[in-house]
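A.B. asks: This is the structure alone, sequence omitted:
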């Protein structure tokens, strides 16, 4: 389901995460970009097929007359590993999606993966295109990959957790600072492919991509992208290099930037198969009056983007909310200096 609301009237927790958590609905995918200036806030989330219609109706009851929502049925999620914050890998992934001529309904990232929501009818074309660009040690061909997949009902039974802790345990809380957060709107599938080429170029220049989400614009055939980039360069040189790459591949498109921002990565276990974890993160940040700029939840991680000045209170409230080992912040560096 995709949703958009005016920034003055939207709260991710109150309008989406909390109602779904109260009904014990698991989110297998969640992305969000906050509203700013003249842009609405945008959210995409996925549930199991059986919960789709009821989730849509539930969220609609919390929307006001200025909000839009749309239910996309019969979709699937394709994830690529390892991602490891490499822009060139994500760029190739996006080029494959565009070349397969499938519509991207949502895109999320984590430190270990990039995940796209597409129509189930385009699944085979997308996977065949991925095998043209990537080598997978486990499968030599799309045929071997398809043969190894579990039926959907078996996969659901394999991942659904049967317990809920009073205090949610997580593996780690990782902080990353000195990130530039960019936003742009892609008007077409060819633009998505060119954006993929731009990310490949950024990867070759040593940039890292700690964060990326993309969501459909509901009243226009466009895709709204928010992405965080960093490199071991002076701030002015870093911004100039990114602007040059964007204009080279996507001439005429304007990009909005916020700097510096920080990322907090909340790592598993059991994200995507238990209700309420996303709501717990969002509600904690709202309680601490931390402004959420963007969010991604896929595979076993929730990635949160906030203003860098809000990092200390954000970490403090999350450490109080979850049972978590304490982690120190790390500065975002280029791939060449890892």
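C.D. replies: Received the coordinates, thanks. None of these values were measured; they are calculated from a predicted model.
A.B. asks: from here on, contacts and neighbour counts on C-alpha atoms
C.D. replies: Fine.
A.B. asks: Run through who's touching the strand ranked longest in the chain.
C.D. replies: Counting residues, the longest strand in the chain under DSSP state E turns out to be strand 172-186. Here strand 172-186 makes contact (Cα atoms under 8 Å, 6 or more residues apart in numbering) with 192, 222-230, 239, 253-268, 308, 324-332.
A.B. asks: Neighbouring strands - and their directions - for that strand?
C.D. replies: According to DSSP bridges, strand 172-186 forms sheet pairs with strand 222-230 (antiparallel), strand 256-267 (antiparallel), strand 329-331 (parallel).
A.B. asks: Could I get the full set of helices for the stretch 1-150 of the chain?
C.D. replies: Counting by DSSP state H, counting those that start in this stretch, the segments of the stretch 1-150 of the chain that form helices are 12, 18-22, 52-60, 87-99, 123-133, 142-148.
A.B. asks: Apologies, that question was intended for the stretch 151-300 of the chain.
C.D. replies: Using DSSP H, counting those that start in this stretch, helices in the stretch 151-300 of the chain cover 152-159, 189-204, 235-249, 277-287.
A.B. asks: now these as JSON lines including mean neighbour count, mean pLDDT and distance to residue 315?
C.D. replies: What follows is the helices of the stretch 151-300 of the chain, written out as JSON lines (neighbours: other Cα atoms under 10 Å; pLDDT from 0 to 100; distance: least, Cα to Cα, whole Å):
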{"stretch": "helix 152-159", "mean neighbour count": "11", "mean pLDDT": "49", "distance to residue 315": "29"}
{"stretch": "helix 189-204", "mean neighbour count": "21", "mean pLDDT": "97", "distance to residue 315": "29"}
{"stretch": "helix 235-249", "mean neighbour count": "15", "mean pLDDT": "96", "distance to residue 315": "25"}
{"stretch": "helix 277-287", "mean neighbour count": "20", "mean pLDDT": "94", "distance to residue 315": "9"}
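A.B. asks: nearest to residue 12, of those?
C.D. replies: Closest to residue 12 of the helices of the stretch 151-300 of the chain is helix 277-287 (Cα to Cα; 7.3 Å).
A.B. asks: Which strands or helices does that closest one pack on?
C.D. replies: helix 311-321 (3 or more Cα pairs under 8 Å, 6 or more residues apart in numbering; DSSP states H and E).
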